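Peer 1: What shape does this take:
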Amino acid sequence: MRFEALKKYFLRRLEKQLSPKLTYHGIHHTLDVLNVCEDYITRYKLSTGDAELLLVGAVLHDSGFLETYKAHEEKGVQLAESTMPYFEYTEKEIEVVSGLIMATKVPQQPTTLLEKIICDADLDYLGRSDFYEIGETLFIELQHFIGLTDRTEWNKIQIKFLTGHEYHTDWAREVRAPVKNNYIEEIKMLV
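Peer 2: Alright, predicted model coming up:
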């Protein structure tokens, strides 16, 4: 029950308060990560407690965008620490969720299974069929926030990011990584 209340509270805030210029990091991204995490819960047969904390992490992982674009993970941790007690989460649970939020910071450096899962869920699209569609929303967002307008430069950024990125779970390495590698080759042909 506490998770449903927290989820409702934060999704409402994200929907109402996120900048419309966050064309990638909007509520749709949070919902996507949440759905992918639900798949991982089943796939990895997580305990009820771990599953709940993973879902809380998914809801909160980009909540820092409510207040800032840069260092949004740190701001998300502050929001978790100040808000989760109202939903009856313990200090230990808040610590786990804070670790999940910080694990998504690029370059990702997860240490626990839950951190590895949320990192892979956060960038799941890199190995999916909607890669180009979602990537376009990021390109538009970067136009707003850093002034990126050159497609060739964008493709170079993508190549650098994709080649430097690694999935962390066995499932994503097996299923998502080969698709991602195909996209790397396709984008290289555009540069």
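
Peer 1: Could you use CA atoms for every contact and neighbour count after this?
Peer 2: Noted.

Peer 1: and the residue nearest the centre of the chain, what does it touch?
Peer 2: Central residue of the chain (CA atoms, centre = their mean): Asp122, 2.9 Å from the mean position. Residues near Asp122 by CA atoms under 8 Å, 6 or more residues apart in numbering: 33, 104.

Peer 1: what's the span of stretch 94-112, first residue to last?
Peer 2: Counting by CA to CA, to the nearest Å, you get 15 Å between the two ends of stretch 94-112.

Peer 1: neighbouring contacts of it?
Peer 2: With contacts defined as CA under 8 Å, 6+ apart, stretch 94-112 is touched by 53-54, 56-57, 60-62, 73-74, 76-77, 80-81, 84, 114-116, 118-119, 122, 165, 168.

Peer 1: Summarise which helices and strands the longest helix along the chain is packed against.
Peer 2: Ordering each helix of the chain by length in residues (DSSP state H) puts helix 170-188 first. When contacts are defined as 3 or more CA pairs under 8 Å, 6 or more residues apart in numbering; DSSP states H and E, helix 170-188 sits against helix 151-164.

Peer 1: on contacts alone, who are the packing partners of the helix it packs on?
Peer 2: With contacts taken as 3+ CA pairs under 8 Å, 6+ apart, helix 151-164 sits against helix 170-188.

Peer 1: where's Glu38 relative to Glu88, distance?
Peer 2: Computed with CA to CA, the distance linking Glu38 and Glu88 is 22 Å.

Peer 1: Looking at the two, which has the bigger crowd around it?
Peer 2: For the pair Glu38 and Glu88, the greater number of neighbours falls to Glu38 (18 against 12), based on other CA atoms under 10 Å.

Peer 1: The more buried one touches Leu55, doesn't it?
Peer 2: Yes: counting by CA atoms under 8 Å, Leu55 is a contact partner of Glu38 at 7.5 Å.

Peer 1: residues touching the closest residue to Cys37 other than its chain neighbours, list them.
Peer 2: The shortest distance from Cys37 to any non-neighbouring residue, by CA to CA, 6 or more residues apart in numbering, is to Ala121 (6.0 Å). Neighbouring residues of Ala121 by CA under 8 Å, 6+ apart: 33-34, 36-37.

Peer 1: now the helices for this protein?
Peer 2: 2-17, 27-43, 48-60, 72-83, 91-103, 113-122, 131-146, 151-164, 170-188.
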